[in-house]
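Chemist: What shape does this take:
(one chain, ligands or ions: 1)
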Amino acid sequence: MENDSANYKERLRQLPSVDRLLLKSKNVVSQYGHQVVTLALRDTLQECREHIIAGETSVPDEESIKQAAELKLRDRAAASLRRVFNLTGTVLHTNLGRAILPEEAIDAINAVASGYSNLEFDLESGKRGDRESHVESLICELTGAEAATAVNNNAAAVLLVLNTLAMNREVPVSRGELVEIGGSFRIPEVMERAGCKLIEVGATNRTHLQDYRAAINDRTALLMKVHTSNYKIEGFTKEVTETELADLATEFKIPFAMDLGSGSLIDLAEFGIPAEPTAADVIRHGADIVTFSGDKLLGGPQSGLIAGRADLIDQIKANPLKRALRLDKMTLAGIAAVLKLYRNPDTLCQKLPTLRYLTRPQTELRDLAARITPALSAVLDERFRVDILDSASQVGSGSLPSETIASTAIGIRSANSGEDVSRALSSAFRNLPTPVIGHVHKGSLLLDLRCLDDEERFVSQLSSLQV
Ligand SMILES: *Cc1c(COP(=O)(O)O)cnc(C)c1O
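Modeler: The predicted structure is shown next:
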């Protein structure tokens with residue numbers, strides 16, 4: 001016992017000092033700086049000490065300590081938030097960053113990020129301007145609304161609308177529309193935080209106009225309808241239309257607000273994609289306010305757009321909460337550029353990545369699969385089977401939940417029919433320099449090709465695959 005403890009103390013003494021290692025790490029110091037290298041060496045030495053105390057009998061040499069420290073430095077220098085390949089088949093994947101921006105938006109963001117801008121400065125009068133003026137007229141043009149504003153996301157848009165127009169008052173909402181989005185946004189909870197009282201009307205599957213009428217009293221602030229974008233109630237159902245609700249709201253001289261969620265600016269049916277209601281439809285049907293996300297079907301940066309009656313938008317803009325929820329200059333530049341693309345529907349499909357991915361024909365995906373499958377087979381040895389399969393893509397972000405788009409995937413599984421290697425495969429693909437995210441289905445790793453647009457980068461990194 002005594003011998004052992006004496007030995008480990010001797011081994012600890014054999015470890016080099018931080019100063020000694022630093023002297024021999026000139027290259028690394030010039031790359032990362034003295035301070036972080038010292039820290040990495042200190043942490044590495046501490047780990048060595050802990051291993052020795054726990055019973056490790058060999059003492060690492062200087063070179064291996066330096067190498068371990070260098071690995072730490074590389075890890076610490078790497079960005080945590082980085083590019084991945086989204087081969088999940090879900091085009092608007094919330095966990096993978098939703099919409100991919102068009103070049104026009106990236107250029108616009110670059111311009112305002114790298115220089116001063118007229119963010120809140122009116123170039124004509126030389127006086128202070130309004131930051132949302134850069135998007136307001138575009139939103140109005142594309143939705144037919146009188147006025148508009150924009151905030152951090154659609155959750156913020158709903159919160160702001162309710163807090164402005166319904167604080168300390170009642171809002172009747174259909175029981176079938178009390179949705180939860182992504183686990184952290186539930187309509188009833190947002191209403192509570194906005195300071196208004198939810199009055200549930202109707203039943204989960206059926207709500208009638210009479211249910212709303214019966215709920216209206218002098219405490220009612222507005223009528224609200226929520227587009228149930230992420231689920232569908234089927235069977236014996238009834239919902240009250242936007243037009244009916246708009247008429248009822250007019251009768252009682254209260255506003256009618258619609259939370260459209262994803263919401264599109266154009267009729268997607270024209271592009272062969274199952275249609276979602278457009279913001280313009282909702283305004284035309286008589287809604288006084290409509291709210292929708294900027295980074296769902298619209299295909300822009302994260303934001304929440306609010307369009308509607310000018311007097312209501314004025315009140316919303318004047319709410320002090322607005323300042324807390326406002327957009328930054330980069331997002332504003334990005335949205336403005338995306339909205340401008342909508343002015344020319346003929347080129348939208350090529351220019352807007354979200355729409356380009358959603359409309360990519362299966363024949364193109366099959367050709368792509370045929371081109372890259374040989375490269376995959378070459379790096380995966382005979383333990384694996386690689387097949388080209390028909391698959392089904394989804395729009396994602398709660399849009400069009402029951403509709404899928406015919407797609408093509410590469411399926412990889414064990415050559416041994418009983419063996420499930422999908423977890424090992426998923427992890428190997430996630431560990432590539434640009435991580436590849438697929439999805440597992442019945443023991444196979446499926447790589448849906450709908451959102452793969454950098455074929456060269458995908459193929460060139462396959463040589464690093466370790467499975
Ligand atoms: C997605 C969604 C929201 C939340 O929008 P974010 O932009 O993610 O904040 C709110 N309401 C509905 C109906 C939605 O579909």
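Chemist: Let me see the ranges of the strands in the stretch 51-200 of the chain.
Modeler: Listed from the start of the chain, the stretch 51-200 of the chain has strands (DSSP state E, counting those that start in this stretch) covering 85-86, 90-92, 147-151, 170-174, 180-181, 185-186, 197-201.
Chemist: can you tell which of those is closest to the ligand?
Modeler: With respect to the ligand, and counting by CB to the nearest ligand atom, the nearest of the strands of the stretch 51-200 of the chain is strand 180-181 at 4.4 Å. Where you see a C-beta, it was placed from the backbone N, CA and C, and this is true even at glycine.
Chemist: re earlier: if you average pLDDT over each of the strands of the stretch 51-200 of the chain, which is lowest?
Modeler: Set side by side, the strands of the stretch 51-200 of the chain show their lowest mean pLDDT on strand 180-181, which sits at a mean of 74.
Chemist: just how off-centre is it within its chain?
Modeler: Its chain's C-alpha centre lies 15 Å from the corresponding centre of strand 180-181 when counted by CA atoms, centre = their mean, to the nearest Å.
Chemist: returning to what we had before: okay, the strands of the stretch 51-200 of the chain in a markdown table with mean neighbour count and distance to Ser391 next?
Modeler: Compiled in a markdown table, the strands of the stretch 51-200 of the chain are given as follows (neighbours: other CB atoms under 10 Å; distance: least, CB to CB, whole Å):
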| stretch | mean neighbour count | distance to Ser391 |
| --- | --- | --- |
| strand 85-86 | 22 | 14 |
| strand 90-92 | 26 | 11 |
| strand 147-151 | 25 | 35 |
| strand 170-174 | 23 | 35 |
| strand 180-181 | 17 | 25 |
| strand 185-186 | 14 | 29 |
| strand 197-201 | 18 | 39 |
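Chemist: can you redo those strands as JSON lines with distance to the ligand?
Modeler: Output for the strands of the stretch 51-200 of the chain, formatted as JSON lines (distance: least, CB to the nearest ligand atom, whole Å):
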{"stretch": "strand 85-86", "distance to the ligand": "17"}
{"stretch": "strand 90-92", "distance to the ligand": "10"}
{"stretch": "strand 147-151", "distance to the ligand": "9"}
{"stretch": "strand 170-174", "distance to the ligand": "12"}
{"stretch": "strand 180-181", "distance to the ligand": "4"}
{"stretch": "strand 185-186", "distance to the ligand": "5"}
{"stretch": "strand 197-201", "distance to the ligand": "15"}
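Chemist: got those strands as JSON lines, with distance to Pro353 columns?
Modeler: Conversion of the strands of the stretch 51-200 of the chain to JSON lines gives the following (distance: least, CB to CB, whole Å):
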{"stretch": "strand 85-86", "distance to Pro353": "11"}
{"stretch": "strand 90-92", "distance to Pro353": "9"}
{"stretch": "strand 147-151", "distance to Pro353": "21"}
{"stretch": "strand 170-174", "distance to Pro353": "34"}
{"stretch": "strand 180-181", "distance to Pro353": "23"}
{"stretch": "strand 185-186", "distance to Pro353": "25"}
{"stretch": "strand 197-201", "distance to Pro353": "37"}
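Chemist: wait, which of those is closest to Ser264?
Modeler: Between Ser264 and the strands of the stretch 51-200 of the chain, the shortest separation by CB to CB is 11.6 Å, and it involves strand 90-92.
Chemist: who does that closest one pair up with?
Modeler: Take DSSP bridges as the rule and strand 90-92 pairs in its sheet with strand 384-396 (parallel).
Chemist: Quick one: the strands in the stretch 351-467 of the chain, in order.
Modeler: Taking DSSP E, counting those that start in this stretch, the strands of the stretch 351-467 of the chain run over residues 384-396, 405-414, 436-437, 439-441, 444-448.
Chemist: I should have written the stretch 201-350 of the chain there, sorry.
Modeler: In the stretch 201-350 of the chain, the segments counted as strands under DSSP E, counting those that start in this stretch are 223-226, 256-261, 289-293, 304-308.
Chemist: So which other helices or strands are in contact with the third one?
Modeler: Read it as strand 289-293. helix 154-166, strand 256-261, helix 279-284, strand 304-308 (3 or more CB pairs under 8 Å, 6 or more residues apart in numbering; DSSP states H and E).
Chemist: distance between it and the chain's centre?
Modeler: On the basis of CA atoms, centre = their mean, strand 289-293 sits 18 Å off its chain's mean C-alpha point.
Chemist: Kindly report the same for the longest one.
Modeler: Here strand 256-261 is found 21 Å from its chain centre; the criterion is CA atoms, centre = their mean.
Chemist: Same question for stretch 190-200.
Modeler: When C-alpha coordinates are averaged (CA atoms, centre = their mean), stretch 190-200 and its chain have centres 26 Å apart.
Chemist: ok, now stretch 319-331?
Modeler: 19 Å.
Chemist: Report whether that stretch contacts the ligand.
Modeler: No: among the residues of stretch 319-331, none lie within reach of the ligand under CB under 6 Å from any ligand atom; the closest is 10.8 Å away.
Chemist: circling back to that earlier point, most tightly packed of the strands of the stretch 351-467 of the chain?
Modeler: With neighbours defined as mean count of other CB atoms under 10 Å, these peak in mean count at strand 444-448, which reaches a mean of 25.
Chemist: can I have that strand written out in PDB, keeping just the CAs?
Modeler: What follows is strand 444-448 as a C-alpha-only set of coordinates in PDB (Å, rounded to 0.1, in the frame of the first residue of the first chain):
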ATOM      1  CA  SER A 444     -32.000   1.600 -42.100                       C
ATOM      2  CA  LEU A 445     -30.400   5.100 -42.200                       C
ATOM      3  CA  LEU A 446     -32.400   7.000 -44.800                       C
ATOM      4  CA  LEU A 447     -30.800  10.000 -46.500                       C
ATOM      5  CA  ASP A 448     -33.600  11.900 -48.300                       C
END
